[in-house]
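A.B. asks: Just need the structure, nothing else, for what follows:
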Amino acid sequence: MNFRMLQENLRNTLWERIDAGDLTGLRLAEQTGFKQAHISNFLNRKRGLSLEGMDKVLNVQHLSVLDLIDPAEVNKRASILPASEDEFDNVVVADAHIAASEAVIMSMHVKEMLKFKKSFLKRLKEAMEGNRSDWNAL
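C.D. replies: Predicted structure coming up:
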């Protein structure tokens, strides 16, 4: 998803409201303080809006940038595990390089999700790597 796609999704949302009779180009121009020709050029893909212009349109139309993002794109990049409602917890399986290098694992990197009893997971201890008896304390 890039800025141009956000603008295109904003255009589509505005056209839906215009087609439904909930909005007109003139009304949008009045709300934003833009000239009607500027709004018309935007709606008809003759020009884009600046970031500030998009912010104005989003504000007066009570929209968020999240309203312009495809839900499938959001879900693909989501990093929140489904809540566990029973005695089981979800454990994510991902490539080692992703798990080691990323602070948050996005759903698009999840190979599978396994369920384990919470009591079992609490009993697990970290595996000791190497012989630590020859380490020097500071």
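
A.B. asks: ok, which stretches of the protein are strands?
C.D. replies: In the chain, the segments counted as strands under DSSP state E are 88-94, 110-117.

A.B. asks: Asp89 and Phe116, how far apart?
C.D. replies: Distance, Asp89 to Phe116, using Cβ to Cβ, to the nearest Å: 6 Å. (C-beta placed from N, C-alpha, C; glycine too.)

A.B. asks: again with Ser133
C.D. replies: Ser133 sits 32 Å away from Phe116, taking Cβ to Cβ as the criterion.

A.B. asks: Pick out whichever of the two has more residues nearby.
C.D. replies: Neighbours were counted for Ser133 and for Phe116 using other Cβ atoms under 10 Å; Phe116 has more, 13 against 5.

A.B. asks: dump the residue contacts of the closest residue to Thr32 other than its chain neighbours.
C.D. replies: Excluding its sequence neighbours, the residue lying closest to Thr32 (Cβ to Cβ, 6 or more residues apart in numbering) is Lys56, at 4.6 Å. Neighbouring residues of Lys56 by Cβ atoms under 8 Å, 6 or more residues apart in numbering: Thr32, Gly33, Phe34.

A.B. asks: between these, which is closest to Val93?
C.D. replies: Proximity of the contacts of Lys56 to Val93 (Cβ to Cβ) peaks at Thr32, which lies at 48.3 Å.

A.B. asks: before we move on, back to that, between the contacts of Lys56, which is nearest Asn12?
C.D. replies: Closest approach between the contacts of Lys56 and Asn12, by Cβ to Cβ: Thr32, at 17.7 Å.

A.B. asks: Cool, thanks, signing off.
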